[in-house]
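1. Got a sequence here, can you build the structure:
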Amino acid sequence: MSSKQQAIKGVVWSGIERFSVQIIQFVVTIILARILSPIDFGVVAIILVLMNILQVFNEVGFGAALMQKLDREELDYSTVFVFNIAWSSFLYLILFIVAPLFATFFKLPELTSLTRILGLNLVIASFVVVQRTKLFILVDFKTQAKASFVAVIVSGIVSIYYAYKGLGVMAIIIQQLTNNVINTMFIWIYTKWQPKLQFSYERFKVLFNYAYKLILARFVNVVFQEIYSLAIGKVYFPAQLGYFNRAKSFVSISSNNITQLVQRVAIPILCEEQENKLRMGNVLTEFIQKTAFVVYPLLCGLFVLAEPLIRVLLTDKWLPAAWMLQVLCPVGMLFVISTFNMTVFNATGRTDLALKAEIIKKTLNILILVGAIMISFEALIISQIVVAIIDFWVDTWFVKKQIGLSLLKQLKSINGIFVAALAMAAVIKMTTFYLSNDVLKLIVGFGSGTLFYFMVSYLFDISEFRKIAISTTNKLKR
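-> Residues are numbered from 1 along each chain as shown. Okay, here's the model as predicted:
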C-alpha cells in the first residue's frame, strides 16, 4: 500500500474513532452538564491539572521514540513496556502522597480522596502505551476505534446513571475510570501482543536519549496549558473554571480533535519522509491545508453562534461560557498550524530543538500570564490569543530551520480557506440577526453557512474541493 493510500485509510479510521467517540462523549457531557453544576466540572478540572502533567511522563516520549526508531525490535517494545509499568506505579505513589497538599492548596478537602481515585488512571494507561504505538506504526486506527467506541458508550451510560443518583463529582470520575479500564482491556484483546517482560538497559538508553527531550518539551507545554486551569481554580472560583472548560470542550471537538486525529496519521508518514526535506514540507503543507478546510469554518460558525448554542445545549446556567468560547475560536485556528509544525520535531528526531522551542515560548507566555492575572479574569482568558500567536510564530520559525518550509508558504496554502470561512461567518450573522428563537438561529445559521461555504469552495476550487465534489458525485452515480 502506498503512503498516500495508507494516509487516506488512516485518516478515515482515525476520523471514525475520534468523531464517533468524541460525539458520544460530547453528548454524554451535555447530559451531565444539564444534571450537574459548573462547580462539579470545575472540581474535576482542578484534579485533571495534576493528572495531565503526570500523564506526560507516563505516555509521551517512549512511544514516539519507538515510532522514530526504524530498526526497532521486540526487545525495544518489551523494554518500554516494563519501564512504563514501573514508572507509572512510581508516579501514582507520588500522586497519592501529594494529594493532601494539593487539596490544601486549593482549599478543597474533598480533592484528597478524589485525586487518589482518579489517579489510578496513571497505572491503567501504562499497560497499553506499547500496544497503541504498534497500532500507530501500522496506521491501524480501526482497532483503536472499536475499543474506544465500546468504552465511551459503557462509561457514558454508567456516569449518567450515577449523576441521576446524585453522586455529583464522582459521576464524572467514575466515567473516566470506566472508560480507561474498558479501553485498555479491549486494546489488549484486539492487538494480541504479549510482552516478554524483558528489559535491556542498552536499548533503554538509546530510546531514552530520544524520549527525554520530547518528554521535557511536552512537559513544559502541558504545564503551561494547565497553568490557566490552575490560575482560575486558585485565584478565582471552581465555577469559573467549569465555564472555561465547557468553552474549551466546544473548541476541542471542532478544532483540537480534528487536528490531532489527522496529526496521528501525519507523524508516521512524515517519519517515512525524514530524509527528504522538500517532500516533508509538501506533506506538512497538505495536511495543514486539508485540516484547515474543515476546522476554520467550524470555528467561525461557533464564534457567531456561541450564545444560542450554549443556551440550547447547556441551558442558561452555562451562559458565561459563551464569550470564552468566542475568545478560544481564533486560538483554535492557530492551533492547527502550530500542531502540525510540532510534528516535524518528532519526524526529524530533533527533540533538542523541540525542547528549545518550548522553553522560548513558555518564557514569553509566563510573562503574559502573570500580567493578565494582575489585570482581571477576562484579561486572563483573552491572553490566550496572544499566547497562541507566540506559539504559532516560534513553531513555524523552527520548522523553517529544520526543513526550509517558510511561514509565508504555510499561510499562502490556507489564505483562501481563511477568507471563505470569514465570509461564511458574515453570512451566518446576517441570516440570523433578526431571529429571536435560539433553535431557529442554529438551524438557519448552520444551513446558510454550510451552503455558502461549499458554494464558494466549489466556485474557487478551494483546497481542490471542486475536484473532490465531482469525483464523489461520479462515484455516487455509478
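
2. Only C-alpha atoms from now on, for both contacts and neighbour counts.
-> Will do.

3. so what's residue 316 up against?
-> Listed by CA atoms under 8 Å, 6 or more residues apart in numbering, the contact set of residue 316 reads residue 310.

4. Report the residue spans of the stretch 151-300 of the chain with pLDDT below the cut-off.
-> Where the stretch 151-300 of the chain drops to pLDDT under 70, the residues are 213, 261, 264-265, 267-268, 271-275.

5. 90 instead?
-> Judged by pLDDT under 90, the stretch 151-300 of the chain has its weakly predicted residues at 152, 164-169, 183-292, 294.

6. Residue 443: how many residues sit nearby?
-> Neighbour count of residue 443, defined by other CA atoms under 10 Å: 12.

7. With the one 10 residues further on instead?
-> Neighbouring residues of residue 453 were enumerated by other CA under 10 Å; the total is 21.

8. And for the one 5 residues further on?
-> Here the count is done by other CA under 10 Å, and residue 458 has 18 residues near it.

9. now residue 363
-> Neighbours of residue 363 using other CA under 10 Å come to 12.

10. And for residue 105?
-> By the criterion of other CA under 10 Å, residue 105 has 11 neighbours.

11. dump the residue contacts of it.
-> residue 234.

12. try residue 310
-> Residue 310 makes contact with 316, 318, 319, 321, 322, according to CA under 8 Å, 6+ apart.

13. which is the next helix or strand following the host helix or strand of it?
-> For residue 310, the element it lies in under DSSP states H and E is helix 277-314. Once helix 277-314 ends, the next helix or strand along the chain (criterion: DSSP H and E) is helix 321-348.

14. So which other helices or strands are in contact with that next one?
-> Counting contacts by 3 or more CA pairs under 8 Å, 6 or more residues apart in numbering; DSSP states H and E, helix 321-348 is packed against helix 62-68, helix 238-251, helix 257-272, helix 277-314, helix 351-375, helix 377-403.

15. For the stretch 51-200 of the chain, which segments are assigned as helices?
-> 62-68, 74-106, 111-118, 120-126, 129-137, 141-164, 169-191 (DSSP state H, counting those that start in this stretch).

16. Would you mind finding the most buried of those?
-> Stretch with highest mean neighbour count among the helices of the stretch 51-200 of the chain: helix 62-68 (a mean of 23; mean count of other CA atoms under 10 Å).

17. how much space between residue 196 and residue 431?
-> Computed as CA to CA, to the nearest Å, the residue 196 to residue 431 distance reads 62 Å.

18. And for residue 179?
-> Relative to residue 431, and taking CA to CA, residue 179 is found at 41 Å.

19. do the same with residue 403
-> Distance of residue 403 to residue 431, computed by CA to CA: 45 Å.

20. Repeat that for residue 246.
-> Distance, residue 246 to residue 431, using CA to CA: 27 Å.

21. Which one of those two is surrounded by more residues?
-> Between residue 246 and residue 431, counted using other CA under 10 Å, residue 246 has the larger neighbour count: 25 against 15.

22. Please name the nearest non-neighbouring residue to that one.
-> residue 321 (6.7 Å; CA to CA, 6 or more residues apart in numbering).

23. how about the one you found, what does it touch?
-> Shown in contact with residue 321 (CA under 8 Å, 6+ apart): 243, 244, 246, 247, 310.

24. at 7 Å what do you get?
-> By CA atoms under 7 Å, 6 or more residues apart in numbering, the residues touching residue 321 are 243, 244, 246, 247.

25. How about residue 188?
-> Residue 188 sits in contact with no residue, where contact means CA under 7 Å, 6+ apart.

26. ok, now with 8 Å
-> Each residue near residue 188 by CA under 8 Å, 6+ apart is listed here: 128, 131.

27. any idea how far residue 389 is from it?
-> Applying CA to CA, one obtains 41 Å for the distance of residue 188 from residue 389.

28. Return the distance of stretch 414-426 from the chain's centre.
-> Between the centre of stretch 414-426 and the centre of its chain there are 23 Å (CA atoms, centre = their mean, to the nearest Å).

29. With stretch 326-346 instead?
-> The gap between where stretch 326-346 is centred and where its chain is centred comes out at 10 Å by CA atoms, centre = their mean.

30. buried residues in it?
-> Buried positions in stretch 326-346, judged by neighbour count with 16 or more other CA atoms under 10 Å: 326-346.

31. before we move on, the earlier item: most neighbours out of the contacts of residue 321, which is it?
-> Ranking the contacts of residue 321 using other CA under 10 Å puts residue 244 first, with 27 neighbours.

32. what separates it from residue 269, distance-wise?
-> The gap separating residue 244 from residue 269 is 35 Å, by CA to CA.

33. again with residue 55
-> 25 Å.

34. Please apply the same query to residue 214.
-> For residue 214, the distance to residue 269 equals 19 Å [CA to CA].

35. neighbour-wise, which of these two wins?
-> Neighbour totals were compared for residue 214 and residue 269, and residue 214 leads with 27 against 21 (other CA under 10 Å).

36. Quick check: which helices or strands does the helix or strand containing that one pack against?
-> Per DSSP H and E, residue 214 falls inside helix 201-235. Packing partners of helix 201-235 (3+ CA pairs under 8 Å, 6+ apart): helix 38-59, helix 62-68, helix 74-106, helix 238-251, helix 351-375.

37. which stretch among the ones you listed comes nearest residue 436?
-> Among these, helix 238-251 comes nearest to residue 436, with 22.7 Å by CA to CA.

38. angle of the closest one against helix 74-106?
-> Interaxial angle of helix 238-251 relative to helix 74-106 (axes from the mean of the first three to the mean of the last three CA atoms, to 10 degrees): 140 degrees.

39. In helix 238-251, which residues are buried?
-> In helix 238-251, counting by 16+ other CA under 10 Å, buried: 238-251.

40. which one of these is nearest residue 358?
-> For the buried residues of helix 238-251, the closest approach to residue 358 (CA to CA) belongs to residue 248, at 21.9 Å.

41. thought residue 66 was touching residue 207?
-> Yes. Look at residue 66 against residue 207 with CA atoms under 8 Å: they come within range, at 7.2 Å.

42. No more questions from me, cheers.
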